[in-house]
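**Q** one predicted model, sequence on top.
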Amino acid sequence: MTPLYSKQAAKAIDRMDASTQQRIRKAIVEIPKGDIKPLRGAPGNYRLRIGDWRILFEYAAENAVKVKKIAPRGQVYKEG
């Protein structure tokens, strides 16, 4: 899959250490593999779990995903 990052998601990745960045980018490219579940109350939106990190995304096109938000488990579902 080709990832398209929101401004917020790109900033989150830039702030991570190199090993975490690599792990998260690899998991995003390998979608639909991984621990993916649809978000309740938000049709067309999904979450990918990577350890304590959560990635919120939607399928933008046939071979593309739009990554909306990347944050730790306790913060990712909060507005903002």
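**A** Here it is on my side, so go on. All values reported here derive from a predicted model rather than from experimental measurement.
**Q** ok, Glu58 to Tyr77 distance?
**A** Look at Glu58 and Tyr77: by Cβ to Cβ, to the nearest Å, they are 15 Å apart. In this view, the C-beta of every residue, glycine as well, is placed from N, C-alpha and C.
**Q** likewise for Ile31?
**A** 19 Å.
**Q** out of the two, name the residue with the larger neighbour count.
**A** Between Ile31 and Tyr77, counted using other Cβ atoms under 10 Å, the more crowded position is Ile31 (18 against 12).
**Q** you'd agree that one is in a strand?
**A** No: secondary structure of Ile31 (DSSP: H, G, I helix; E, B strand; the rest coil): coil, not part of a strand.
**Q** surely it and Met1 touch.
**A** Yes: using Cβ atoms under 8 Å, Ile31 is in contact with Met1, at 4.7 Å.
**Q** joint contacts of these two?
**A** When contacts are counted by Cβ atoms under 8 Å, 6 or more residues apart in numbering, Ile31 and Met1 are jointly contacted by Val65.
**Q** any stretches of this structure with poor pLDDT?
**A** 80 (pLDDT under 70).
**Q** tell me where it has strands.
**A** Remark: strands assigned in the chain by DSSP state E are 2-5, 35-38, 45-50, 53-61, 64-72.
**Q** adding mean neighbour count and distance to Gln22, write those strands out as TSV.
**A** Shown next, in TSV, are the strands of the chain (neighbours: other Cβ atoms under 10 Å; distance: least, Cβ to Cβ, whole Å):
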stretch	mean neighbour count	distance to Gln22
strand 2-5	16	14
strand 35-38	11	18
strand 45-50	18	11
strand 53-61	18	13
strand 64-72	19	14
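**Q** JSON lines for the ones you listed, including distance to Lys26?
**A** Formatted as JSON lines, the strands of the chain follow (distance: least, Cβ to Cβ, whole Å):
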{"stretch": "strand 2-5", "distance to Lys26": "11"}
{"stretch": "strand 35-38", "distance to Lys26": "14"}
{"stretch": "strand 45-50", "distance to Lys26": "9"}
{"stretch": "strand 53-61", "distance to Lys26": "12"}
{"stretch": "strand 64-72", "distance to Lys26": "13"}
